[in-house]
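**Student:** sequence? don't have it. structure:
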Ligand code: ATP
Ligand code: MG
């Protein structure tokens, strides 16, 4: 069954919207198969965002991801990669539709509270980066 990697970033954890985000994925019908809380190192954050290495905001983004606790999760279900991105909304919360997580709960692209894998390959790589196989049910 299809799986995706979802992370609640430090701003989402700090703002107390973790349960609301989990509820939205649960109510849609997706299944939580892995979850943990951790503070990623800057080096680890750099690996997670390696695709964005050339972007001007890369360093700030990595510093931010490692600035506090992150809730790392793996969700499973039919179409969960693409539909998870729909639940999350556009990258910039100013452009995310109301009803999406970022549309309802965030205002700034640098503090958009949640991450979701953008395709089957990145989902596979991100799950392998964040979780050991035995941490998933
Ligand atoms: P994510 O990978 O976090 O799910 P995304 O796939 O919607 O987000 P990406 O293009 O992968 O967007 O960018 C990764 C993250 O980098 C974004 O979630 C955002 O926090 C940050 N980011 C993207 N564009 C900018 C920008 N112009 N300025 C600052 N931060 C940005
Ligand atoms: Mg992305």
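**Tutor:** Noted; the coordinates are in hand. Remember, predicted model here, so these are calculated numbers, not experimental data. Ligands and ions are numbered 1, 2, ... in the order given.
**Student:** let me see the contact set for residue 130.
**Tutor:** In this structure, residue 130 makes contact with 5, 7, 48, 72, 74, judged by CB atoms under 8 Å, 6 or more residues apart in numbering. Bear in mind the C-beta positions are built from the backbone N, C-alpha and C, glycine included.
**Student:** mind redoing it with 6 Å?
**Tutor:** residue 72 (CB atoms under 6 Å, 6 or more residues apart in numbering).
**Student:** measure it to ligand 1 for me?
**Tutor:** Distance, residue 130 to ligand 1, by CB to the nearest ligand atom, to the nearest Å: 13 Å.
**Student:** per-residue pLDDT, that residue?
**Tutor:** Predicted confidence (pLDDT) for residue 130: 98.
**Student:** same check, this time on residue 88
**Tutor:** As summarised for this prediction, residue 88 has a pLDDT of 98.
**Student:** my guess is it contacts residue 114, does it?
**Tutor:** Yes: assessed by CB atoms under 6 Å, residue 88 is found in contact with residue 114 at 5.5 Å.
**Student:** make sure residue 129 is indeed in a helix.
**Tutor:** Yes: remark: residue 129 belongs to a helix, assigned using DSSP: H, G, I helix; E, B strand; the rest coil.
**Student:** for beta bridges, what are the partners of the most centrally placed residue in the chain?
**Tutor:** With distances taken as CA atoms, centre = their mean, residue 115 lies nearest the centre of the chain, 2.3 Å away. Here residue 115 sits in beta bridges with residue 7, as judged by DSSP bridges.
**Student:** what's the distance between it and residue 83?
**Tutor:** Using CB to CB, to the nearest Å, we find residue 115 at a distance of 15 Å from residue 83.
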